[in-house]
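A.B. asks: Build me a model:
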Amino acid sequence: MKQEIKEKYLVDFCVLLVEEYGYRRWFWFPNMQESELIIWWKQLESVSPYFMTPEPLPGDLYQVKEKDELDLFVSLRSKNQYYVAHIHCDDDSVLIKPSGEKILHQGYEPILD
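C.D. replies: The predicted structure follows:
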């Protein structure tokens, strides 16, 4: 496991980020308070800049690559104590509070049947 992940997830604000329905997983440390992240996310006009990779997101991102990193990611997610985000397209990207409340970005466009 990357030393940075070990050192940061216990003390820094961490978002468990899932890219494109599990294509990749990331530990995201946005370098802002929860309230600031919510405001930033709500004002996001589009997630298109993060479509190919979420690495331009603000803060530090660490891709889950090792088995122990995946085990930690899954364990933390199951505790419902961390923010979770899914990023892909404007019609499905979402930030989810530990309470389960979903936060949509400004550019969210649901698919209409």
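
A.B. asks: Could you verify that Leu16 is part of a strand?
C.D. replies: Yes: with the criterion set as DSSP: H, G, I helix; E, B strand; the rest coil, the secondary structure at Leu16 is a strand.

A.B. asks: do you know how far it is from Pro110?
C.D. replies: Using C-beta to C-beta, to the nearest Å, we find Leu16 at a distance of 23 Å from Pro110. No exception for glycine: its C-beta is placed from N, CA and C like everyone else's.

A.B. asks: If you count surrounding residues, which of those two has more?
C.D. replies: The neighbour comparison of Leu16 against Pro110 (other C-beta atoms under 10 Å) goes to Leu16, with 21 against 9.

A.B. asks: how many neighbours does the closest residue to that one other than its chain neighbours have?
C.D. replies: The shortest distance from Leu16 to any non-neighbouring residue, by C-beta to C-beta, 6 or more residues apart in numbering, is to Val84 (4.8 Å). Other residues near Val84 number 18, with proximity taken as other C-beta under 10 Å.

A.B. asks: got it, and Tyr50?
C.D. replies: One way to gauge burial is a neighbour count; for Tyr50, by other C-beta under 10 Å, it gives 17.

A.B. asks: Next: Tyr82.
C.D. replies: The burial count assigned to Tyr82 is 18, neighbours taken as other C-beta under 10 Å.

A.B. asks: gap between the nearest residue to Lys97 once chain neighbours are set aside and Ile96?
C.D. replies: In this structure, Lys97 finds its nearest non-sequential neighbour in Tyr83, 6.1 Å apart by C-beta to C-beta, 6+ apart. Taking C-beta to C-beta as the criterion, Tyr83 is separated from Ile96 by 7 Å.

A.B. asks: mind checking the longest helix of this structure?
C.D. replies: The single longest helix within the chain, with elements called by DSSP state H, is helix 67-78.

A.B. asks: Which positions in that helix come out as buried?
C.D. replies: 69, 72-73, 76 (16 or more other C-beta atoms under 10 Å).

A.B. asks: again with stretch 27-38
C.D. replies: Within stretch 27-38, the residues that qualify as buried by neighbour count (16+ other C-beta under 10 Å) are 27-30, 37-38.
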